[in-house]
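Chemist: coords please:
(chains A and B)
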Amino acid sequence: MSRPAIIIEGLTRRFGDLVAVDQVNLSVEGGQFFGFLGPNGAGKSTTIKMLTGLLAPSAGRIELLGLDLERDSIDVKRQIGVVPEGMPLFDRLTGSEYLNFVGRMYGLDRSTASQRTVELLEFMNLADRTKTLVGEYSHGMKKKLALAAAVIHAPKILFLDEPFEGVDAIASGTLKAMLQRMAQGGVTIFLTSHVLEIVERLCSHVAIINRGRLVAQGSLDELRAGVMASAGTDRAAAGGNEKLTLEQIFLAIVGERDAVRRSEEELAWLR
Amino acid sequence: MATLMHAPRTGEQIRLIIELRWRMFRNGLRESSAKLHAAVAILLSLLWAALAMGPGIAFVFGGHLLVRHNQTQWLLLLLWGISLFWQLFPIFAMQSTPDLDTHSLLRFPVRFSAFFLLSLAYGLAGPAELTGIFWHACLGVGIVSARPDLIGWTALVLGISVLMNLLFSRMTYSWLDRIMAKRRVREILFVIVMLCAVSVQFTMRRWHEEILRFFQRGSLIWSALPPGRAAAALVSFIGGRIGDALAATAILALYAAVFGGLFAYRLRAQYLGEDLGESPAPAARKVKVKRPAVQAKTAAPAAATDRPGLVAGPVAAVFMKEIRYFYRNTILLWQFGFPLIFVVFICLTRVGANGSLSAGRIFSLGQWLYPAAAGYIFLGLMQICPNSLAFDQAGVQLFFTAPVKFRDVMLGKNLFHALTIAVEVLLLWGIVTVFGLPPRVPILLATWTGMGFCLLIYFTINNWLSLKYPRRFEFGVRRQRISQLSMLISLGALLAILAVIAAVVAIVGWLADIWFVPVALAAMSAAALAVYRTGIKATTRQAMEEREAILKELAR
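Modeler: The predicted structure follows:
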């Protein structure tokens, strides 16, 4: 069996007294479409930032494609693509100039960068805006450009932090198809999204982080089985063998009962 | 059912916003670097206060003596001096008070009166404004010390004068922001200003006698404008002509009201949602994308990139990106062009039969114009070099996620800045030659080798500052400042470097021969290159250590 594409051991990140990510251990096999979920402030983006070199861990170890991220950072970064939180774009370049620039930064030669730029702009339906500066793009266009930039060097692992936020339905469908093809081709995709339907549809494996700690990890079926087992007789009596959605799994794991009770009891003045 | 609250009163809204700003300031001080910046800001403010104190004392004594010796006609000059400083200093200093963040404020049910008063209050925060108010007060103290009975009238006139100056500067900036909001307009204005700056000097040179006579005869104009009316009101009160004094005061108040009205008109549009940010470009034409004649490659791993040196792909990529950012950024273009315009101005006004500069002996003043102007060019670099990641904004994340060493990023930026300096120095050579002041060969060589030394040391320090104290800059926004600590260190370093070069020139040129100066400076440049190499290598490690702070500031 081959070594996992992503191995995280004891990953911890502290901000003063706050432990944002606490002793996370995780492994993702090569070619997996992996969903990384959690409520707001759970530590998802902090984890992705550490995995992509944007943030130094306080403790722990990250191994990507068999290489230690801290020791071999350049070799690792050459093989990963990232769409980080926010827009990591250069507003005063055109889309074409930006992709060419990113390609050159990832070590592509001029002609390859140029050729892939043309293909990606056409694929993302941005080819008719070659004279427009990135700063004048709409949010969705920027998101598509950021995705194009993340794949221009044909990475082996792709980290995507909320990649479909603000992207229209047509483009979203195209992008999902592209990502699925990449995963089938052996690319490992590590994705965070608040839209659980997207994760459920795309990802074969999921991990859930809550308050900095990893609270669940496995295939969707494994998570379902775990939730059913822990729910025990309640679920069995209620419906027997119905298939839990990812949303139900997620709420069961991160505390559905608490959330419902709170929403009923609090903010009475809103009614 | 939710209870709908009435909107808070204007005073309450202003109090809330002041409280908010204070809390933001206090919370910002939780970080040690913010405390350091606050300490530097206090230090610079004290320094500035000390500098303002001198003229302030002069205004006290001036006001007192003019009134006591019945020479009140000169009050006009003092009030014009204060007003000109108030309005022009921010332009020459290339900075002003911070602007009110209207976008965040307008989300709340803020009344227009609160919005107007807050915008006005923001105008009080700059050094020019505070100094202007202080000097008005000093002048008032001087007048009242000579005529204590006039305390009320003096306070009234000078108070209106302060208000008029404040409203005028706020009005000017608000309308300028409107005009400059479009990139294309800024670019056109940039060219017009450049042409005007040069042509005005030609006009001044050709017809300066006539122009001077016009201004001397035009005392009526000086007197009719707001500072003139303020002076007339004071003179009349001192002379006991209450009717004239009140009329002049009323005209001064009318000026203030007109400026206030124009400011309110402009502000109203912003209040109603006008966005003065960069307006989007017109829809791009459909452009047929030309496919390069390269065979499509399958997804292959990227080639090796971390070779050091000028040939490495990332260095060239960053260099090209910097060039594109340069010609699309009016502020950078202005910083590039302004020193050259200034040198043209010096040449036009000081060269020739009546001027003080001539291409005489080796130690004549004219011979040293070229190296002096080259040194002045470095001041332009002050605006961006200590903060060279400013315009990369959130894009800076790419430098951390891409397989590049930060050394290559900084090298690309330094090469670009070195190119702009080289082009400016060559253009400068052309300008002084055209005006008949070509430097002699040893001075020319000394200038170039001195520039090499200066650049290498200056880049080393500023690369460190860029990573240590980055500040995000927005495109098209004129009033942006680098960290005051960076400015202080960078300016200090520049002065020290120039002092070292001047000392070398003086000692070697005087003790030995002027031809030894370029040789000495070339040797110093070689040593500086070793320092630079060490410094630029260290930026990779420094960037990794500072990455959290860099991203927090630039990618926010």
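Chemist: What's the separation between residue B:15 and chain A?
Modeler: Per CB to the nearest CB, to the nearest Å, residue B:15 is found 25 Å from chain A. C-beta: built from backbone N, CA, C; applies to glycine.
Chemist: Now do the strands in the stretch 151-271 of chain A.
Modeler: Remark: strands assigned in the stretch 151-271 of chain A by DSSP state E, counting those that start in this stretch are A:157-161, A:188-192, A:205-210, A:213-219.
Chemist: closest to residue B:118 out of those strands?
Modeler: Comparing the strands of the stretch 151-271 of chain A by their distance to residue B:118 (CB to CB), the top pick is strand A:157-161, with 36.5 Å.
Chemist: Sheet partners, orientation included, of that closest one?
Modeler: strand A:80-83 (parallel), strand A:188-192 (parallel) (DSSP bridges).
Chemist: interface residues of the stretch 151-271 of chain A facing chain B?
Modeler: A:153, A:154, A:156, A:185, A:269, A:270, A:271 (CB under 8 Å from any CB of the partner chain).
Chemist: Now tabulate the residues you listed in CSV and tack on pLDDT and neighbour count.
Modeler: Converted to CSV, these look like this (pLDDT from 0 to 100; neighbours: other CB atoms under 10 Å in any protein chain shown):
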residue, pLDDT, neighbour count
A:153, 93, 27
A:154, 93, 19
A:156, 95, 21
A:185, 90, 12
A:269, 76, 8
A:270, 74, 7
A:271, 66, 6
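Chemist: Pick the one among these closest to residue A:123.
Modeler: The closest of those, once distances to residue A:123 are taken by CB to CB, is residue A:154, at 13.6 Å.
Chemist: Residue of the stretch 451-556 of chain B closest to chain A, please.
Modeler: Relative to chain A, the nearest point of the stretch 451-556 of chain B is residue B:555 (5.8 Å; CB to the nearest CB).
Chemist: is it true that that residue touches residue B:398?
Modeler: No. If you go by CB atoms under 8 Å, residue B:555 and residue B:398 don't touch, sitting 10.3 Å apart.
Chemist: Please work out which of the strands paired with strand A:157-161 is packed deepest.
Modeler: Scoring the strands paired with strand A:157-161 by mean neighbour count under mean count of other CB atoms under 10 Å in any protein chain shown gives strand A:80-83 as the most buried, with a mean of 26.
Chemist: Skip ahead from that strand and say which helix or strand is next.
Modeler: Later in the chain than strand A:80-83, the nearest helix or strand by DSSP states H and E is helix A:95-105.
Chemist: now check that next one, is it near chain B?
Modeler: Yes. Under the criterion of CB under 8 Å from any CB, helix A:95-105 makes contact with chain B via A:97, A:101, A:102, A:104, A:105.
Chemist: can you tell me which residues contact the third one?
Modeler: Applying CB atoms under 8 Å, 6 or more residues apart in numbering or on different chains, one finds that residue A:102 lies in contact with A:149, A:152, A:153, B:398, B:402.
Chemist: pLDDT wise, what is it at?
Modeler: Residue A:102 carries a pLDDT value of 92.
Chemist: Can you classify residue A:11 as helix, strand or coil?
Modeler: Here residue A:11 is recorded as strand under DSSP: H, G, I helix; E, B strand; the rest coil.
Chemist: and the residue nearest to residue B:387 when sequence neighbours are not counted, backbone torsions?
Modeler: Nearest-residue entry for residue B:387: residue B:482, 4.2 Å, with adjacent residues in sequence omitted and distances by CB to CB, 6 or more residues apart in numbering or on different chains. Residue B:482 has phi and psi values of phi -70, psi 170 when expressed as degrees, to the nearest 10.
Chemist: give me the number of residues near residue B:482?
Modeler: Using other CB atoms under 10 Å in any protein chain shown, residue B:482 has 22 neighbouring residues.
Chemist: can the strands paired with strand A:157-161 go into a markdown table with extra columns for mean pLDDT and distance to residue B:389?
Modeler: What follows is these, written out as a markdown table (pLDDT from 0 to 100; distance: least, CB to CB, whole Å):
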| stretch | mean pLDDT | distance to residue B:389 |
| --- | --- | --- |
| strand A:80-83 | 92 | 19 |
| strand A:188-192 | 93 | 27 |
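Chemist: could you dump those to a markdown table with distance to residue A:219?
Modeler: Output for these, formatted as a markdown table (distance: least, CB to CB, whole Å):
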| stretch | distance to residue A:219 |
| --- | --- |
| strand A:80-83 | 23 |
| strand A:188-192 | 15 |
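Chemist: Can you check which of those strands gets nearest to residue B:345?
Modeler: Of the strands paired with strand A:157-161, nearest to residue B:345 by CB to CB is strand A:80-83, at 49.7 Å.
Chemist: where's residue B:246 relative to chain A, distance?
Modeler: 54 Å.
Chemist: swap in residue B:330?
Modeler: Computed as CB to the nearest CB, the residue B:330 to chain A distance reads 11 Å.
Chemist: Next, count neighbours for that residue.
Modeler: The tally of other residues near residue B:330 (other CB under 10 Å) stands at 19.
Chemist: With residue A:197 instead?
Modeler: Neighbours of residue A:197 (other CB under 10 Å): 11.
Chemist: Contact partners for it?
Modeler: By CB under 8 Å, 6+ apart, the neighbours of residue A:197 are A:246, A:247.
Chemist: rewinding a little: tell me which of residue B:555 and residue B:398 has more neighbours.
Modeler: Comparing residue B:555 with residue B:398 by neighbour count (other CB under 10 Å), the higher total belongs to residue B:398, at 23 against 20.
Chemist: residues contacting the more buried one?
Modeler: Taking CB under 8 Å, 6+ apart, we find residue B:398 in contact with A:88, A:90, A:102, A:105, A:149.
Chemist: Tell me which other helices or strands the longest helix along chain B touches.
Modeler: Assignment by DSSP state H gives helix B:516-554 as the longest helix of chain B. If you count contacts as 3 or more CB pairs under 8 Å, 6 or more residues apart in numbering or on different chains; DSSP states H and E, helix B:516-554 packs onto helix B:396-401, helix B:406-434, helix B:441-468, helix B:484-511.
Chemist: Let me know which of these is tucked in deepest.
Modeler: Using mean count of other CB under 10 Å, helix B:396-401 ranks as the most buried of the helices and strands packed on helix B:516-554, with a mean of 24.
Chemist: what mean pLDDT does that one have?
Modeler: For helix B:396-401, the mean confidence score works out to 91.
Chemist: buried ones in the strand or helix carrying residue B:158?
Modeler: Using DSSP H and E, residue B:158 falls within helix B:151-180. Of all the residues in helix B:151-180, those buried under the rule 16 or more other CB atoms under 10 Å in any protein chain shown are B:153-154, B:156-158, B:160-174, B:177, B:180.
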